[in-house]
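J.: no sequence for this one, just the structure:
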């Protein structure tokens, strides 16, 4: 069992198909994930990279499991801030379940490091990003502060 | 199932349930047995409290093999902060701006 975990559960009024696209496709992630996008062909075993607007890689890893519109597991290693990257590989799991007219999205980010600094950092970052994702899907508009890469270190995992 | 504000405030109104949230804040991802340790509550009471916390979406249970682990879900508290605290903050800022305007005032 992992030593440090971040869990986030949100109910989004959308369909699993739309949410799945919003989680994966650059044209969506750029709107709510501070202009970042994921470079990946979305097959089990494929290389995965999270890129910032200038093309720099902030995080990288691998697709561990993929079940479209239901579940995605990524190996996730932070590349940007040395203090966080030295903690090594973390694991991110998205789970999508239909509940009534909504989709329950569970985000679990975990690492086998006690009191992980990475998990502490992403615990600050994820709530903004995921609230913005919900807003984008429900209202057509993401939250303003999540649309562009921040100037100073406020994206959680970013170093100033 | 859906996070409803009434459920959230009802869940937060009980000191026992707030204590459980504090325990999870200190150590996220605990089983029922772990949560029951060093608590002056019966296992039944903890189970009941957890059910209410889960209903309010303040706590989320995730199965790991045969273990049911309980995690804090930051979403409802985030929504409270967004909806009420942010607004109070704006009110305070407005009041300060008003005070500044009056103190600096256009007297001449």
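T.: That came through fine. Note that the coordinates shown come from a computational prediction; the quantities given were computed from them, not determined experimentally.
J.: When you work out contacts or count neighbours from here on, use the C-alpha atoms and nothing else.
T.: Fine.
J.: List of residues touching stretch B:13-21?
T.: The contact list for stretch B:13-21, computed with CA atoms under 8 Å, 6 or more residues apart in numbering or on different chains, reads B:11, B:12, B:35, B:49, B:50, B:53, B:59, B:72.
J.: can you rerun that using 10 Å?
T.: B:7, B:10-12, B:22-28, B:35-36, B:39-41, B:45-46, B:48-50, B:52-53, B:58-59, B:70-73 (CA atoms under 10 Å, 6 or more residues apart in numbering or on different chains).
J.: Check the secondary structure at residue A:113 for me.
T.: Following DSSP: H, G, I helix; E, B strand; the rest coil, residue A:113 is assigned to coil.
J.: which residues does the nearest residue to it once chain neighbours are set aside contact?
T.: Leaving aside its chain neighbours, residue A:113 sits nearest to residue A:3 (5.3 Å; criterion: CA to CA, 6 or more residues apart in numbering or on different chains). Applying CA under 10 Å, 6+ apart, we find residue A:3 in contact with A:110, A:111, A:112, A:113, A:114, A:115, A:116, B:27, B:28, B:29.
J.: any idea which of those is closest to residue A:129?
T.: residue A:110 (17.3 Å; CA to CA).
J.: Name the nearest residue to the closest one, sequence neighbours excluded.
T.: residue A:5 (4.2 Å).
J.: Now the one you found, what are its backbone angles?
T.: Phi and psi for residue A:5, reported as degrees, to the nearest 10, are phi -140, psi 150.
J.: In contact with it, which residues?
T.: Applying CA under 10 Å, 6+ apart, the residues near residue A:5 are A:90-92, A:108-116, A:118-120, A:122-123, B:27-29, B:71.
J.: follow-up on the earlier one: could you export the contacts of residue A:3 to CSV, including columns for distance to residue A:42?
T.: Converted to CSV, these look like this (distance: CA to CA, whole Å):
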residue, distance to residue A:42
A:110, 21
A:111, 22
A:112, 25
A:113, 27
A:114, 30
A:115, 31
A:116, 27
B:27, 34
B:28, 30
B:29, 29
